[in-house]
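Colleague: What follows is a predicted structure for the sequence shown.
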Amino acid sequence: MSMSAAQLTPAGARVLAALSKVIDPELRRPITELDMVALAESAGRLDVTIKLTVSHCPAADRIETEVREALATVADIECHVQMTVMTKDELDALKLKLRGSRALRENPFGKDTTTRVFLIGSGKGGVGKSTLTANLAVELAAQGHKVGLIDADIFGFSIPAQLGTTDKPTRWDDLILPPVAHGVKVISIGMFLPGNEPVAWRGPMLHKAIEQFLTEVFWGDLDFLLIDMPPGTGDVAISIGQLLPTAKAIVLTTPQLAATEVAERSGMSAIKIGQSVFGVIENMAWLEQPDGSRLEIFGAGGGQKVADNLSSLAGTKIALLGQVGISIALREGSDAGLPLVIADPKASAAKQIAGIATLLAADKLPLTDGKIKLSVSQ
C-alpha cells in the first residue's frame, strides 16, 4: 500500500531523501516536492512509482536515469521502479500547487512583481542584440540567479539557436512549461514552428503571442526576466510596454552614427511610454589587434553619445553599462549554440558581458562624485 509521509519506514525515508536530489528539468524543483513520487512497501522491498506529468514528457528518460542513479546511493534497500503518468486529478492538483494564489492566465510580471525585467532593444537589426541577450541571460544564471528569457522578436526569432536548444515546450492544457537551456527558462515562437517557417502576422496576433508568453508559460519565481526585443518601436514594443509596467529598457548600439541615431529613438520610445532606461551597451566597439591595440572599425564614442542624449531627454543619468569588442569567438559561440560566457569565460568579450551582467544583478549603478563608476572589465 502507498505510504504517506507520516507512515514512512526508515527505509522509505532514506529512499525519499535520495529522490529529493532528482530535479525535474522543466519545473526546476525536486520531484518529491511535485508529488511525482509514490512509495509502497511489499514483501520486504519498496515499490517506487514515478508519476510523470504527461505521457509525452520530453524529460522522461532523463528523469528515469537520475532516479535510478539516486536509488543506487541506497543500494542496500531493494527498490522496484515503475514509470507512470499522473491522473487528470493529480495533474490539476499540481497545476494549482504551482500557481499558488495566481489566477488562471494572470500576468505574473505586473506592477507588484519582484522579478527584475529588462527589455534589451536596439531599434535596428544587425547590432548583436540577440547574441548579447542570450549571453547575459546565461551569465546571470551562472551567477546563481533564476532567469527567464523571452524571444519577443517574433519575425526574426533566433534565441533557440543562440542557446543551442531544439527542445519543445510541454503543454498541460492551459499551462506551458518552457524548455531550460544552460539554466535559463526560455520561450520563443520558433519552438512552435516546423523547420525554418516564417511568421507573417499582423498586430493583434503579435500582441496575443506576447501575452501568452507572459500568462500561459509557467515561469515560477524568477529573479530576472530578459526580453529580446524586435527591431523598431512598433506593435510588440507597445504591447510589452503595456504588459510589463516595471520593465527597464537597455539600449544596444554600435559606435557608428547611423546606429546611434536609431538606438536613441528606441530609448526615447521607452521613455515616452513611461519606462525607465537602465543603461546603454555599445557592441562591436573595436577589433583587438595582435599587438593589443584596438582598431575602431565603426568609429568611437557612439555608446556614450546615446547615453548622454537619453540622459538629457529623461532628466536623469543614464549610464554606458559597458562596451563589447568585436569577437570571432562570440560569433562562433552563437552559431554553435554555446554562449561564449560558458564556452570560454576568460575570453575578453565574455568578461565584458559578465561585467554588464553584474551591474544588472545589482539593479543599481554605483556613483562616485556624481559620476557613474563602472566595474566592467574592458
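Modeller: Everything's here; your move.

Colleague: pLDDT below threshold where in the stretch 51-200 of the chain?
Modeller: For the stretch 51-200 of the chain, the stretches with pLDDT under 70 are 101-104, 200.

Colleague: what does the model give Leu367 for pLDDT?
Modeller: With respect to pLDDT, Leu367 scores 43.

Colleague: Asp363 too?
Modeller: 67.

Colleague: List the buried residues for stretch 148-168?
Modeller: 148-154, 157-165, 167 (16 or more other CB atoms under 10 Å). For every residue, glycine as well, the C-beta is placed using N, CA and C.

Colleague: where does the stretch 201-350 of the chain dip in pLDDT?
Modeller: 233.

Colleague: Would you map the helices across this protein?
Modeller: 10-19, 60-71, 88-99, 129-142, 159-163, 203-215, 235-243, 257-272, 302-314, 328-336, 340-343, 348-362 (DSSP state H).

Colleague: For the last one, buried residues please.
Modeller: Counting neighbours by 16+ other CB under 10 Å, one finds that the buried residues in helix 348-362 are 348-360.

Colleague: Which of these sits closest to Gly12?
Modeller: Ala357 (43.2 Å; CB to CB).

Colleague: Quick check: the gap between the closest one and Ala141.
Modeller: Ala357 sits 10 Å away from Ala141, going by CB to CB, to the nearest Å.

Colleague: Likewise for Ala134?
Modeller: 11 Å.

Colleague: for Arg265, same thing?
Modeller: Distance of Arg265 to Ala141, given as CB to CB: 31 Å.

Colleague: what's around the nearest residue to Val251 once chain neighbours are set aside, how many residues?
Modeller: Leaving out its chain neighbours, the residue that sits closest to Val251 by CB to CB, 6 or more residues apart in numbering is Gly267, at 4.4 Å. Close neighbours of Gly267, defined as other CB atoms under 10 Å, add up to 29.

Colleague: burial measure for the nearest residue to Leu71 once chain neighbours are set aside, as a count.
Modeller: Nearest residue to Leu71, sequence neighbours excluded (CB to CB, 6+ apart): Cys79, at 5.0 Å. Cys79 has 20 neighbours, counted by other CB under 10 Å.

Colleague: same thing with Met229?
Modeller: Considering only other CB under 10 Å, Met229 is surrounded by 29 other residues.

Colleague: which parts of stretch 48-61 are buried?
Modeller: Buried, per 16+ other CB under 10 Å, within stretch 48-61: 48, 50-53, 57, 59-60.

Colleague: okay, these in JSON lines with distance to Ala72 next?
Modeller: As requested, the buried residues of stretch 48-61 are exported to JSON lines (distance: CB to CB, whole Å):
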{"residue": "Val48", "distance to Ala72": "13"}
{"residue": "Ile50", "distance to Ala72": "15"}
{"residue": "Lys51", "distance to Ala72": "21"}
{"residue": "Leu52", "distance to Ala72": "21"}
{"residue": "Thr53", "distance to Ala72": "24"}
{"residue": "Cys57", "distance to Ala72": "22"}
{"residue": "Ala59", "distance to Ala72": "20"}
{"residue": "Ala60", "distance to Ala72": "19"}
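
Colleague: Among those, name the ones in strands.
Modeller: Judged by DSSP state E, strands contain the following of the buried residues of stretch 48-61: 48, 50-52.

Colleague: which one among those gets closest to Val184?
Modeller: Val184 lies nearest to Leu52 out of these, by CB to CB, at 23.2 Å.

Colleague: Just grab the bridge partners of the closest one for me.
Modeller: In this entry, Leu52 is beta-bridged to Val85, by DSSP bridges.

Colleague: Counting neighbours, go ahead and name the busier of Arg265 and Ala141.
Modeller: Applying other CB under 10 Å to Arg265 and Ala141 shows that Ala141 carries more neighbours, namely 24 against 15.

Colleague: Mind listing what's buried along stretch 336-351?
Modeller: So stretch 336-351, judged by 16+ other CB under 10 Å, has buried residues 337-344, 347-351.

Colleague: wait, which of the buried residues of stretch 48-61 is closest to Glu90?
Modeller: Ranked by distance to Glu90 (CB to CB), the buried residues of stretch 48-61 are led by Lys51 at 6.6 Å.

Colleague: nearest to Met191, of the helices of the chain?
Modeller: Closest among the helices of the chain, using CB to CB: helix 159-163, at 6.1 Å.

Colleague: elements contacting that closest one?
Modeller: Helices and strands touching helix 159-163, by 3 or more CB pairs under 8 Å, 6 or more residues apart in numbering; DSSP states H and E, are helix 129-142, strand 147-151, strand 184-188.

Colleague: so the longest one versus helix 348-362, what angle?
Modeller: Here helix 129-142 points in a direction 60 degrees away from that of helix 348-362 (axes from the mean of the first three to the mean of the last three CA atoms, to 10 degrees).

Colleague: got the angle between helix 129-142 and strand 147-151?
Modeller: Using the same axes, to 10 degrees: helix 129-142 against strand 147-151 is 160 degrees.

Colleague: contacting residues around helix 129-142?
Modeller: 120-122, 147, 149, 151, 153, 158-159, 162-163, 182-184, 186, 223-224, 226, 228-229, 252, 281, 283, 324, 330-331, 333-334, 339-342, 350, 353-354, 356-357, 360-361 (CB atoms under 8 Å, 6 or more residues apart in numbering).

Colleague: Identify the residue nearest Arg105 in space, chain neighbours excluded?
Modeller: Closest to Arg105 by CB to CB, 6+ apart is Thr215, at 4.6 Å.

Colleague: which residues does Arg28 contact?
Modeller: Arg28 makes contacts with 146, 180, 185, 220, as judged by CB under 8 Å, 6+ apart.
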